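S.K.: Quick one: sequence plus predicted model below, questions after.
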Amino acid sequence: MSTVVITGGTRGIGLGMVSELLARGHQVATCGTDAARVAEVDTALGGAALVTTADVTDRDQLRALWDDAAARFGPIDVWINNAGVSHDRKPLWELPADTARAVLETNLLGVVHGSAVALAAMAAQRHGHLWNMEGLGSDGRTVAGLTTYGASKRAVTYLTKALSKEVPDGVSVGLLSPGMVVTDLLTHGYADPAELAKAQKVFNILADRVDTVAPWLAERAVTRTRNGAHVRWLTTGKVIGRFATAPLRKRDLFAA
């Protein structure tokens, strides 16, 4: 049994991993910024996890999350920086400054803060593994309209690889790559319904639902904890295979 902390675990792939880890008998703490949503998830999980309100752009709040989790469960084995936000698909110069700042502060500064808190505490306890979550842009691929989001995720990949050279003995870091998962994050920001419909054709080939990806990621989050680990759901081989078999596979991930 491991003790795992997941930021941004009140919805999407984060919540899916929280649920899967609990089902496997692990101790889990998570956070969100919406107090009402936090209370809703806490109730839905029946108090099995520590679910609290915390803003990842505030290092003190993440330090409090670590302390609360450690007080309830004891030493923390795995910390997952999962919290992330996206933005409307617009050219950089049309994106409001406040929106750009929110994306960068959550996706990059939030990971910096979470990593600093977790690694300092893990160094003190002499064990632990940190995972950072990849996303579009992590592999260097560029998509028009998602420049700020993609840049934030590209930076997270560099950050994590650099951290792997800094961690002390007993502590390790790695990257989790969930691929395309059908959540609000994937479909966010399409102003034109026709553009969204076009994108959904690709999503129906490459994407998967949370309940498909979350169990796979959750298992590996507690078993693949070596320094420099890179766990990918949507590999290049899988992408090629899905496009090759797309005419034979009828998938509608967006059906009601």
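M.R.: Ah, there it is.

S.K.: Check which residues of the helix or strand encompassing residue 196 are buried.
M.R.: Residue 196 belongs to helix 193-206 when elements are defined using DSSP states H and E. Under the neighbour-count criterion of 16 or more other Cβ atoms under 10 Å, helix 193-206 has 200, 203, 204, 205, 206 buried. Placement of C-beta: from N, CA and C, glycine included.

S.K.: Other residues contacting that helix?
M.R.: Outside of helix 193-206, the residues within contact range by Cβ atoms under 8 Å, 6 or more residues apart in numbering are 89, 179-180, 182, 186-187, 190, 234, 239, 242-243, 246, 249, 251-254.

S.K.: did I read that right, residue 167 in a helix?
M.R.: No - Residue 167 sits outside any helix when classified using DSSP: H, G, I helix; E, B strand; the rest coil, being coil.

S.K.: For residue 211, see how far away it is.
M.R.: Distance, residue 167 to residue 211, using Cβ to Cβ, to the nearest Å: 33 Å.

S.K.: more crowded one of these two?
M.R.: More neighbours surround residue 167 than the other of residue 167 and residue 211, with 19 against 11 (other Cβ atoms under 10 Å).

S.K.: Please, which helix or strand holds the nearest residue to residue 104 once chain neighbours are set aside?
M.R.: Closest residue to residue 104 apart from its sequence neighbours, by Cβ to Cβ, 6 or more residues apart in numbering: residue 152 at 5.5 Å. In the assignment (DSSP H and E), residue 152 maps to helix 147-163.

S.K.: which strands and helices sit next to that helix?
M.R.: helix 97-104, helix 110-125, strand 128-133, strand 171-177 (3 or more Cβ pairs under 8 Å, 6 or more residues apart in numbering; DSSP states H and E).
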